[in-house]
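Enquirer: The sequence and its predicted three-dimensional model are supplied below.
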Amino acid sequence: MVVVMAPGATDEQVAHVVEKVESVGGEAFVSKGVVRTIIGLVGDIDSFHHLNLRTLPGVADVHRISDPYKLVSRQHHPERSTVWVGRPGREVPIGPDTFTFIAGPCAVETADQTLEAARMAASAGATLLRGGAYKPRTSPYAFQGLGVTGLKILADVGELTGLPVVTEVVDARDVDVVVEHADMLQVGTRNMANFGLLQAVGRAGKPVLLKRGMTATVEEWLMAAEYIAQRGNLDVVLCERGIRTFEPATRNTLDLSAVPVVQSTSHLPIIVDPSHAAGRMDLVVPLSRASIGAGADGVIVDVHPDPETALCDGPQALHGTALRELAQAVRRMPPLLGRAPAADRSRSG
């Protein structure tokens, strides 16, 4: 069961609902989005019904949810959500009315490399900068990222280019330092089921980009998002990045069916990562076009000024002609589907 508070509900009214729920032995989890507050209830449903929660000040509605994921379900939130990323004055939307292009280097290597990649991304139309300071790699001998030094580079480049920054956090102990430098926290595919990390980013107060696990079902993915929402954060964006199958032609098999499936069951925005799905530069542009056609709310791609020297995922990084082709696709295709570029809706000071 969830309680949907009215847009103007006060903290005291929210606290009163929580107090009522706890008075009958229930638990209440408060989650705040941009325009509304949702309270998820755990406990005896009959006891909650006797509280007449709909009559309490500040309560807009009460829903009994059959989905195992309560807070991210469309059963209580039929309109799809928009998540705003960035600090006041340079906020960028990700949601159903726009198409958001996110780009940058897979890994931060140097300040010059990151700045050049960011400028490439911005010139192609990207409105958010992605870059990895912490890199969880399959091999312990592969480049693991620059850590805090990389975060500082990202923050500086974000300031220089005006692009809000999204970067991955791989350990719950690093959440606070990543929050200091980034506008959006990414939980990568290897950590989708790291429940301690999910709870930590849920409490962090920044939007979260949650990638699908390599072998995760859509329901498992949405349950992971529920962990974040249950800890107070409804500003979650899902990212389909391919799942592991028997097919070796690509690094992963991009499951574009997940886009309409998620949109029919959850109010959260969903974007696609064709770079990590394909693992090949020549497939990124056609898969991006397919993602736009499937109704994705955005794409996130790798760009690098010199892919041959990249310390991480060089074979999939765009530059030159391929990046220009992608820029053309993200400029021309979304309007045909009724979507505006995110830059057209960005909140500017």
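Expert: Looks like it came in fine.

Enquirer: Do I have it right that residue 5 meets residue 33?
Expert: No. At 10.4 Å, residue 5 does not count as touching residue 33 under the criterion of C-beta atoms under 8 Å. All C-beta spots, glycine's among them, are computed from the backbone N, C-alpha and C.

Enquirer: In the stretch 101-250 of the chain, where is pLDDT below threshold?
Expert: Along the stretch 101-250 of the chain, segments meeting pLDDT under 70 span 137, 141.

Enquirer: Can you show me the strands along it?
Expert: Secondary structure of the stretch 101-250 of the chain by DSSP state E, counting those that start in this stretch: the strands cover 128-130, 165-168, 184-187, 208-211, 236-240.

Enquirer: any chance of those strands in a markdown table, with distance to residue 27 and mean neighbour count too?
Expert: Formatted as a markdown table, the strands of the stretch 101-250 of the chain follow (distance: least, C-beta to C-beta, whole Å; neighbours: other C-beta atoms under 10 Å):
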| stretch | distance to residue 27 | mean neighbour count |
| --- | --- | --- |
| strand 128-130 | 35 | 27 |
| strand 165-168 | 31 | 25 |
| strand 184-187 | 24 | 25 |
| strand 208-211 | 22 | 26 |
| strand 236-240 | 21 | 27 |
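
Enquirer: Tabulate those strands (TSV), appending distance to residue 143.
Expert: Formatted as TSV, the strands of the stretch 101-250 of the chain follow (distance: least, C-beta to C-beta, whole Å):
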stretch	distance to residue 143
strand 128-130	17
strand 165-168	14
strand 184-187	17
strand 208-211	19
strand 236-240	22
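
Enquirer: Residue 314 is nearest to which of those strands?
Expert: Closest approach to residue 314 among these (C-beta to C-beta): strand 128-130, 15.7 Å.

Enquirer: Compare residue 5 and residue 33 (neighbour count), which wins?
Expert: Taking other C-beta atoms under 10 Å, residue 5 and residue 33 do not tie; residue 5 has more neighbours (22 against 19).

Enquirer: in the sheet, who's paired with the closest residue to the more buried one other than its chain neighbours?
Expert: Spatial nearest neighbour of residue 5, chain neighbours left out: residue 37 (4.2 Å); criterion: C-beta to C-beta, 6 or more residues apart in numbering. In this entry, residue 37 is beta-bridged to residue 32, by DSSP bridges.

Enquirer: Could I get the full set of helices for the stretch 201-349 of the chain?
Expert: Applying DSSP state H, counting those that start in this stretch to the stretch 201-349 of the chain gives helices spanning 218-230, 258-265, 274-278, 281-294, 320-336, 342-345.

Enquirer: which one of the ones you listed lies closest to residue 91?
Expert: Counting by C-beta to C-beta, residue 91 lies closest to helix 342-345 out of the helices of the stretch 201-349 of the chain; the figure is 9.4 Å.

Enquirer: Can you give the domain ranges for the protein?
Expert: As assigned by automatic domain parsing, the chain contains the domains 2-63, 83-348.

Enquirer: Quick one: closest of these to residue 71.
Expert: domain 83-348 (3.9 Å).

Enquirer: that older thread, distance check, the residue nearest to residue 5 against residue 30.
Expert: 7 Å (C-beta to C-beta, to the nearest Å).

Enquirer: list residues touching both of these two?
Expert: Common contacts of residue 37 and residue 30 (C-beta atoms under 8 Å, 6 or more residues apart in numbering): residue 14.

Enquirer: ok, the two, which is more surrounded?
Expert: Per other C-beta under 10 Å, whichever of residue 37 and residue 30 has more neighbours is residue 37, with 22 against 18.

Enquirer: quick one: contacts for that one?
Expert: Counting by C-beta under 8 Å, 6+ apart, residue 37 makes contact with 5, 9, 14, 30-31.

Enquirer: biggest separation within the residues you listed, which pair?
Expert: Greatest spatial distance among the contacts of residue 37 (C-beta to C-beta): 9 and 31, at 13.0 Å.

Enquirer: More neighbours: those two, which one.
Expert: residue 31 (24 against 21).

Enquirer: State the distance from that one to residue 64.
Expert: Noted for residue 31: a distance of 17 Å to residue 64, by C-beta to C-beta.

Enquirer: who's sitting farthest from the centroid in this structure?
Expert: Within the chain, the residue lying farthest from the chain centre (C-alpha atoms, centre = their mean) is residue 50, at 37.4 Å.
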